[in-house]
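K.L.:
Quick check, what structure comes out for this input:
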Amino acid sequence: MSEHVVYFAHGKESGPWGIKITALAQVARELGLAVESPDYQGLSGPARVDKLLALLNDESRQPILVGSSMGGYVAAATANLREVAGLFLLAPALYIDRPDYPQSHFVPRTRQRVVIHGWRDEIVPVAAALRFASEVECDLHLLLSGHDLVDRLTDLEQLFRLFLARILGAQT
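P.N.:
Here you go, the predicted model:
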């Protein structure tokens, strides 16, 4: 069993085992990783960050954070506060001027970070992904897709597999 565990953070309007998380969790399991997908439904962004931090405080394995939309915000904000093995963000809801998203400066405590965003995202402007990737100097994949990215699920799975392989390769 790996010394890593993947923690998923779902979006504001979704649940812990949506289409993307289920597909990416399968990729992680195929690579021998444990997966956790807490339920954040009904919680604000800051409350979600607090919940994830509490879970990670009880975690002995090195966490890899994956977040989608508001979950991307949660994962990025958490990675500011705690060292993680990797950060994989899907259409992250960053730089939004609302109380649910108070943090606007990100310095993730990991070198392994990837952002995937849809050019046609109707919820979170692609400019947010461009800004984050530029500020934290990370890989950025822009796909011809909308906010949910589910029409590009095969691409997400392949990119996630490569991301995890880099992390797992670094431990040997």
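
K.L.:
In the chain, what residue spans correspond to helices?
P.N.:
Taking DSSP state H, the helices of the chain run over residues 19-30, 45-57, 70-81, 126-136, 153-170.

K.L.:
For the fourth one, list every residue counted as buried.
P.N.:
It refers to helix 126-136. Of all the residues in helix 126-136, those buried under the rule 16 or more other C-beta atoms under 10 Å are 128-129, 132-133, 136. The C-beta positions use only the backbone N, C-alpha and C, and glycine is treated the same way.

K.L.:
May I have it as CSV, with CA atoms only?
P.N.:
Once non-C-alpha atoms are left out, helix 126-136 reads as follows in CSV (Å, rounded to 0.1, in the frame of the first residue of the first chain):
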residue,chain,number,x,y,z
VAL,A,126,-10.7,30.8,-17.6
ALA,A,127,-8.7,33.9,-16.5
ALA,A,128,-8.7,32.5,-12.9
ALA,A,129,-6.9,29.4,-14.1
LEU,A,130,-4.4,31.5,-16.1
ARG,A,131,-3.7,33.8,-13.1
PHE,A,132,-3.2,30.9,-10.7
ALA,A,133,-1.0,29.0,-13.0
SER,A,134,1.1,32.1,-13.7
GLU,A,135,1.4,33.1,-10.0
VAL,A,136,2.3,29.6,-8.7
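
K.L.:
low-confidence ranges in this protein?
P.N.:
Within the chain, the ranges that satisfy pLDDT under 70 run 1, 170-172.
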